[in-house]
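Asks: would you be able to build a 3D model of this:
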Amino acid sequence: MLALIQRVTEASVKVEGETVGAIGPGLLALVGVEPDDGEAQVRRIAERLLNYRVFADADGRMNLGLAQTGGGLLLVSQFTLAADTRSGLRPGFSTAAAPAEAERIFSGLVAICREKHPGGVETGRFGAHMEVSLVNDGPVTFLLKA
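Replies: Just a heads-up that it's a prediction; the model follows:
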């Protein structure tokens, strides 16, 4: 499981012109599910999303996690993140989980994050063509792997 996280001042997702998820300050996480991902990977990524220290403390150092700041979390499923790009000029998708399995795993991640993060968890719409807008704060961007 992969999560490309970006610290944002705001982020939103639209599907067919309708905003389906939006947050103010917090994290946008683009999530890719791989074929062997399961409960352990979901719990590990959830823990890292909520506690990865990318927010400034009183001294301006990145020492605070999302759980400590109470910011929003916008989770967006993105199967292209799990693509095989090691060769050629076209991505391969055999390294991404099948859609039904990916949706089940992604839904589990959303459920755990909502349970553990009272700061609010928003999502895109699984499998839809989405327009993601964000204002990257920093910019601060990290690729997390479970």
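Asks: what residue is smack in the middle of this protein?
Replies: residue 29 (2.0 Å; Cα atoms, centre = their mean).
Asks: same for whichever helix or strand that one is part of, what does it pack against?
Replies: If you go by DSSP states H and E, residue 29 is part of strand 26-32. For strand 26-32, the packing partners by 3 or more Cβ pairs under 8 Å, 6 or more residues apart in numbering; DSSP states H and E come out as strand 2-15, helix 39-51, helix 66-69, strand 72-77, strand 131-145. Glycine gets a C-beta too; all of them are placed from N, C-alpha and C.
Asks: could you rerun that using 10 Å?
Replies: With contacts taken as 3 or more Cβ pairs under 10 Å, 6 or more residues apart in numbering; DSSP states H and E, strand 26-32 sits against strand 2-15, helix 39-51, helix 66-69, strand 72-77, helix 99-116, strand 121-123, strand 131-145.
Asks: what is the orientation angle of it with strand 131-145?
Replies: Taking axes from the mean of the first three to the mean of the last three Cα atoms, to 10 degrees, one finds strand 26-32 and strand 131-145 inclined to each other by 70 degrees.
Asks: partner strands of strand 26-32, parallel or antiparallel?
Replies: strand 2-15 (antiparallel), strand 72-77 (parallel) (DSSP bridges).
Asks: in JSON lines, list those along with mean neighbour count.
Replies: Listed next are these as JSON lines, based on neighbours: other Cβ atoms under 10 Å:
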{"stretch": "strand 2-15", "mean neighbour count": "20"}
{"stretch": "strand 72-77", "mean neighbour count": "24"}
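Asks: got CSV for these, with distance to residue 144 and mean pLDDT too?
Replies: Below are those laid out as CSV (distance: least, Cβ to Cβ, whole Å; pLDDT from 0 to 100):
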stretch, distance to residue 144, mean pLDDT
strand 2-15, 4, 98
strand 72-77, 13, 98
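Asks: residue 56: which of those is closest?
Replies: The closest of these to residue 56 is strand 2-15. By Cβ to Cβ, the value is 9.6 Å.
Asks: contact partners of the very next helix or strand once past that closest one?
Replies: Toward the C-terminus, strand 2-15 is succeeded by strand 18-23 as the next helix or strand (DSSP H and E). For strand 18-23, the surrounding residues in contact (Cβ atoms under 10 Å, 6 or more residues apart in numbering) are 8-15, 28, 71-76, 119-125, 128, 130-134.
Asks: this completes my enquiry, with thanks.
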